[in-house]
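>>> let's see this in three dimensions:
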Amino acid sequence: MNDEKKERSQLLDELRATRSRVATLEAELAARAAVGSADRAPFGRLARHSPIAIWHADPDGFVLDVNARWCELSGYTRQEALGEGWIRAVHPADRDRVVAAWEEVLADPAEHFDIELRYQRPPPDGGVVWVVAQSAREVSERGEVLGYIGTVTEMTAHREAQEQLERSKARLIEAQEIARLGSWEWGPAADEMWWSDELFRIFGYEEERVRPSFAAAFEQIHPEDRERYKSWIDETFRERPSQPIEYRSYCHDGSLRTILATARVERDGDGHPVRLCGIAQDVTERKQFEQALHDSVERFRHALVESPIPLMLHAESGEIIELSRSWAEQSGYPRHRLTRVTDWTRLAFGRTMDLAQERIDKSFQLDERRCEGVFRVVTATGARRYWEFHSSPAGRLEDGCKLVLTAATDVSARHSQQQ
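Model prediction:
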């Protein structure tokens, strides 16, 4: 029973304090409206018609008034904003931070209220508006704080542009990382050089521990490539645009990387070069792959040329790509006389060359190995031999032209026995 009385007493005290506070506010508002109204009339008109949201608070931080622009931004009415009602307009995620900053301003005259925040408009709109809120103390001639006058400036478009820029920057960083491509700038006058994050990663350096410079970057270049690189830099300053350059450069861990670089020069109003901007891509893996592919092609070529079985690799365009030595040796026709398939059919088949050519043309429609049959061929010595041909598809050239690999076997002895 005593606890209930105590609780009721506390509630009554709080109610009386609240009523007193409301009465004080009402009295202050009435006094402000009555005293100095002539001096404040211009300010009132300015606040009402200002394109910027304006608010006015008492020394304790309770909002006394807001203008129409504030209501338009926040979605709340003037009546809803009074006292501490304005806090409802602050986005829930920003509310604690904003209230804490405002309390610091009220507690310390040296603090300034200058903060970015979001307003969340009430339902059914629910839209989010980015703003910057700022305030200034209203001080009497005796130095007493009379209140606070503040502004709220919308910056939604600016914030969205900033976020878009940050997203674009993040995508650029990600793209550079995937492509192993970094960017750089160099001002030769002061030897000031800037590297992107990816360029630091390519060369294996930590950004905090290294200050890039042209001299240091030049020392990383393989000695055999330095003179060529220096000539490329000189040519870039003279010509626009420059040609790409491929060079080798050492990394922090001593490994050697292959770099593909391009650059352009920026000039002042008089046409004098002031800065070089470029990109550098680590193409080491690509070069290793290209070399491995080249070595594989060379091994295939060597195996074909040195094959003991007569082999011909020919294209749909009619070009003989490769011919084994055994083909030339057994037919008697040297390689330099057989550059196109028609050279072979004309020399080896004579009057039946059209039939042979027709069979060869059809071989480009194959999707698996096929025996073309036995044909009589005439060697360079005039001897008549019987060769059995097998063909199979062999892929395509870079331009899409089909390839066929044809193998030949001299079956003259077997043919004679059958006859």
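
>>> only C-alpha atoms from now on, for both contacts and neighbour counts.
Fine.

>>> strands of the stretch 51-200 of the chain, start to end?
Using DSSP state E, counting those that start in this stretch, the strands of the stretch 51-200 of the chain run over residues 53-57, 63-66, 114-120, 128-139, 145-154, 181-187, 192-195.

>>> can you add mean neighbour count and mean pLDDT and give these back as JSON lines?
Shown next, in JSON lines, are those (neighbours: other Cα atoms under 10 Å; pLDDT from 0 to 100):
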{"stretch": "strand 53-57", "mean neighbour count": "23", "mean pLDDT": "92"}
{"stretch": "strand 63-66", "mean neighbour count": "21", "mean pLDDT": "92"}
{"stretch": "strand 114-120", "mean neighbour count": "20", "mean pLDDT": "93"}
{"stretch": "strand 128-139", "mean neighbour count": "18", "mean pLDDT": "91"}
{"stretch": "strand 145-154", "mean neighbour count": "19", "mean pLDDT": "91"}
{"stretch": "strand 181-187", "mean neighbour count": "20", "mean pLDDT": "88"}
{"stretch": "strand 192-195", "mean neighbour count": "17", "mean pLDDT": "88"}
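
>>> distance to Gln164 for those strands - can I get that in CSV?
Formatted as CSV, the strands of the stretch 51-200 of the chain follow (distance: least, Cα to Cα, whole Å):
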stretch, distance to Gln164
strand 53-57, 26
strand 63-66, 32
strand 114-120, 17
strand 128-139, 15
strand 145-154, 17
strand 181-187, 21
strand 192-195, 23
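
>>> I'd like to know which of those is closest to Glu227.
Closest approach to Glu227 among these (Cα to Cα): strand 181-187, 18.6 Å.

>>> partner strands of the closest one, parallel or antiparallel?
strand 192-195 (antiparallel), strand 273-282 (antiparallel) (DSSP bridges).

>>> deepest of the ones you listed, which one?
strand 273-282 (a mean of 18; mean count of other Cα atoms under 10 Å).

>>> which residues of the chain score low on pLDDT?
Scanning the chain for pLDDT under 70 picks out 1-9, 11-13, 15-47, 172-173, 175-179, 240-242, 419.

>>> go again with 80.
Counting by pLDDT under 80, the chain shows low-confidence ranges at 1-49, 109-111, 156-157, 159-180, 207-209, 239-242, 418-419.

>>> domain-wise, how is it divided?
11-154, 163-282, 305-418 (automatic domain parsing).

>>> residues near Phe62, how many?
18 (other Cα atoms under 10 Å).

>>> try the one 10 residues further on
Residues within reach of Glu72, counting by other Cα under 10 Å, total 12.

>>> and Ser416, how far is that from Ala81?
Distance, Ser416 to Ala81, by Cα to Cα, to the nearest Å: 112 Å.

>>> for these two, indicate the residue with more neighbours.
Set Ser416 next to Ala81 and count neighbours by other Cα under 10 Å: Ala81 wins out with 22 against 9.

>>> quick one, what contacts the more buried one?
Contact analysis of Ala81 by Cα atoms under 8 Å, 6 or more residues apart in numbering lists 63, 65-66, 87.

>>> would you list those in TSV and tack on distance to Arg137?
Rendered in TSV, the data for the contacts of Ala81 read as follows (distance: Cα to Cα, whole Å):
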residue	distance to Arg137
Val63	13
Asp65	15
Val66	16
Ile87	20
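
>>> pull the most distant pair out of the residues you listed.
Greatest spatial distance in the contacts of Ala81: Asp65 and Ile87, 13.9 Å, computed using Cα to Cα.

>>> for beta bridges, what are the partners of the closest residue in space to Ala57 that isn't next to it in sequence?
Counting by Cα to Cα, 6 or more residues apart in numbering, Ala57 lies nearest to Val63, which is 4.0 Å off, once chain neighbours are set aside. Listed beta-bridge partners, Val63: Ala57, Gly83 (assigned using DSSP bridges).

>>> surely Val63 meets Gln79?
No: contact criterion Cα atoms under 8 Å: Val63 and Gln79 do not qualify, at 10.2 Å.

>>> next, Val404: secondary structure please.
strand (DSSP: H, G, I helix; E, B strand; the rest coil).

>>> that one contacts Gln365, correct?
No: counting by Cα under 8 Å, Val404 does not reach Gln365; the two are 9.6 Å apart.

>>> quick one: which of these two has more around it?
When neighbours are counted by other Cα under 10 Å, Val404 comes out ahead of the other of Val404 and Gln365, with 25 against 12.

>>> ok, the more buried one - contacts?
Applying Cα under 8 Å, 6+ apart, we find Val404 in contact with 313-316, 363-364, 391-395.

>>> kindly report the same for Arg337.
Contacts of Arg337 (Cα under 8 Å, 6+ apart): Asp343.

>>> ok, it to Thr345 distance?
Using Cα to Cα, Arg337 is found at 12 Å from Thr345.

>>> same question for Asp225.
Distance from Asp225 to Thr345, by Cα to Cα: 50 Å.

>>> the two: which has the busier surroundings?
Taking other Cα under 10 Å, Asp225 and Thr345 do not tie; Thr345 has more neighbours (21 against 14).

>>> the more buried one sits in which helix or strand?
For Thr345, the host element (DSSP states H and E) is helix 341-349.

>>> tell me the gap between that helix and the middle of its chain.
In terms of Cα atoms, centre = their mean, to the nearest Å, the centre of helix 341-349 is set 55 Å apart from its chain centre.

>>> what's the first helix or strand after it?
Remark: after helix 341-349, the chain's next helix or strand is helix 353-362, criterion DSSP H and E.

>>> now the angle from that following helix to helix 341-349?
140 degrees (axes from the mean of the first three to the mean of the last three Cα atoms, to 10 degrees).
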